[in-house]
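Undergrad: The following block contains a protein sequence and its predicted model.
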Amino acid sequence: LLRWNEMKYSKKSLPPGTMGWPIFGETTEFLKQGPNFMKNQRARYGSFFKSHILGCPTVVSMDPELNRYILMNEAKGLVPGYPQSMLDILGKCNISAVHGSTHKQMRGALLALISPTVIREQLLPKIDELMRAFVGNWENKVINIQEKTKEMAFLSSLKQIARAESSSVAQEFMPEFFKLVLGTLSLPIDLPGTNYRRGFQARKNILRILGQLIEERRDSEESHKDMLGFLMRKDDSNRYKLSDNEIIDQIITILYSGYETVSTTSMMAVKYLHDHPRVLEELRKEHMAIRERKRPEDPIEWNDLKLMKFTRAVIFETSRLATIVNGVLRKTTQEMELNGFVIPKDWRIYVYTREINYDPCLYPDPLAFNPWRWMDKSLESQSYFLIFGGGTRQCPGKELGIAEISTFLHYFVTRYRWEEVGGEKLMKFPRVEAPKGLHIRVSSY
Ligand code: HEM
């Protein structure tokens, strides 16, 4: 079977590599060996090789130059290629499911909601209010920081989306949202009891909750200064007039994209700060200096964020070393030539960026947690910095995500000290997670 399968994909014009078993391909090896699978294949076949993973024939690109090219050239037929389960559950109007002019429209509408001015004037006050209350009473408790940062990321987005109703709908919304996330990461098997089926059901419940919210707002005619309020505006202040379905998928996109990224980075920052007291000391100094100039009830403002230079460096170093995002997926909409090979239509391209994070030429002593390396701003703008993606799909929520994590860290480090309990295991691949949670004992600072 193995040989037959290799024969099937043995065309000379395809990149070198192995395809594994029919249907299953090399998914098991990929998930089991993780980054080592990629490194071994690269050692044998070079930085551009074929494989069959996650249900599709795939070309893995580990070449930094080529990765940039792929991300910059969506218009040539290299569109997002996320798994079907993700697209089914996140909706047809989800930003990753649309291309061309529809993508432009959805992205434009999103950028208008999270521009620097909007962050400064509208989102930051909500983020501050949420974070301040969220880390309010952790003193003398053992908490699971993984669970907490997940709740925090979700509640922060929800407050920005619908401030007035966020506390009343959160109870019902949060468990549905968590089911939706699990569904997007599962195999698309629509049987009772599968995560996919539950995720799909959760989507239906979320559509109902959001649909009701929109109806109620429309009936009350009250104006709201939050994301939903802005999306529903019909006057000239809103260039992008979306339908109700598009509004709902846009909201799910915002919740989903800022969820695991923000929560896992926050959790890992807490972990690295715990393990590196000198970094924690420097970070705390930065935040104490900001706090000292304020009264206790004063919120974090835009100018304060600008002063959090070391915090920004800690966030980048955390994303790099933990590799929150291993890479991004694309697919070919037509047969095309890439790097001297011919890639058939509908193949996946895995733009695998993980290894760049450990390149000693870019990051000397790459396995050390050293935020100071980011104090030289040019590192953030170097062309292989792909932690937030690149090209036409570059993360529009970068500054928003950084603002959320920074505000969380502000209240956390100025109020508390903490120690880990249990020495729990952390998995780094395929996702960064602590299978049994990450427990810390918190006491006041
Ligand atoms: C530390 C936090 C974050 C990281 C590391 C991150 C990372 C990324 C990456 C790598 C991509 C590229 C995906 C691709 O090319 O297929 C992306 C896209 C995206 N991100 Fe983020 N992200 C973060 C926070 C956020 C937040 C808070 C939002 C909230 C709005 C957000 C919204 C999006 C959206 C909507 C896209 C898709 C853009 C498009 O397709 O045009 N992200 N992000």
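TA: Sure thing, it's come through.

Undergrad: so who does the residue in the chain positioned nearest to the ligand touch?
TA: Residue of the chain nearest the ligand, by CB to the nearest ligand atom: Gly397 (2.2 Å). The way it works is simple: take the backbone N, C-alpha and C, and place the C-beta from them, glycine included. By CB atoms under 8 Å, 6 or more residues apart in numbering, the contact set of Gly397 is Ile114, Ile254, Ser257, Gly258, Thr261.

Undergrad: what comes up buried for the longest helix anywhere in the chain?
TA: Using DSSP state H to define each element, the chain has its longest helix at helix 195-220. Neighbour-count burial for helix 195-220, counted by 16 or more other CB atoms under 10 Å, picks out 195-200, 202-203, 205-207, 210, 213-214, 217.

Undergrad: can you tell me which of the contacts of Gly397 are up against the ligand?
TA: Residues of the contacts of Gly397 in contact with the ligand (CB under 6 Å from any ligand atom): Ile114, Ile254, Ser257, Gly258, Thr261.

Undergrad: The second one reaches Met227, doesn't it?
TA: By that I understand Ile254. Yes. Checked against CB atoms under 8 Å, the pair Ile254 and Met227 is within contact range at 6.9 Å.

Undergrad: Please point out which parts of the helix or strand hosting Tyr256 sit buried.
TA: Using DSSP states H and E, Tyr256 sits in helix 244-257. Under the neighbour-count criterion of 16+ other CB under 10 Å, helix 244-257 has Glu246, Ile247, Ile248, Asp249, Gln250, Ile251, Ile252, Thr253, Ile254, Leu255, Tyr256, Ser257 buried.

Undergrad: What's the mean pLDDT across that helix?
TA: Averaging pLDDT along helix 244-257 yields 97.

Undergrad: re the thing from before, from the contacts of Gly397, pick the one nearest Lys345.
TA: Ser257 (27.6 Å; CB to CB).

Undergrad: what sits against the closest one?
TA: Ser257 touches Ile95, Cys395, Gly397, counting by CB under 8 Å, 6+ apart.

Undergrad: Neighbours of the nearest residue to Met308 once chain neighbours are set aside, how many?
TA: In space, and not counting its chain neighbours, Met308 is closest to Ser406: 5.0 Å by CB to CB, 6 or more residues apart in numbering. Neighbourhood size, Ser406 [other CB atoms under 10 Å]: 23.

Undergrad: per-residue confidence at Ser406?
TA: Looking at Ser406, the pLDDT reads 98.

Undergrad: so it touches Ala313, yeah?
TA: No. With contact defined as CB under 8 Å, Ser406 does not reach Ala313; the gap is 11.0 Å.

Undergrad: By mean pLDDT, flag the weakest helix or strand of the chain.
TA: helix 2-8 (a mean of 84; mean pLDDT, DSSP states H and E).

Undergrad: If you count contacts, what does that helix end up packed against?
TA: Packed against helix 2-8 by the contact rule (3 or more CB pairs under 8 Å, 6 or more residues apart in numbering; DSSP states H and E) you find no helix or strand.

Undergrad: What are the contacting residues of it?
TA: Counting by CB under 8 Å, 6+ apart, Thr18, Met19, Gly20, Trp21, Pro22, His52 sit against helix 2-8.

Undergrad: Can you name the next helix or strand after it?
TA: helix 27-33.

Undergrad: right, and the helix or strand after that following helix?
TA: Taking DSSP H and E, what comes next after helix 27-33 is helix 35-45.

Undergrad: Tell me the helices and strands packed up against that next one.
TA: helix 27-33, strand 48-53.

Undergrad: out of the contacts of Ser257, who's nearest Pro364?
TA: Nearest to Pro364 among these, with distances taken as CB to CB, is Cys395, at 26.1 Å.
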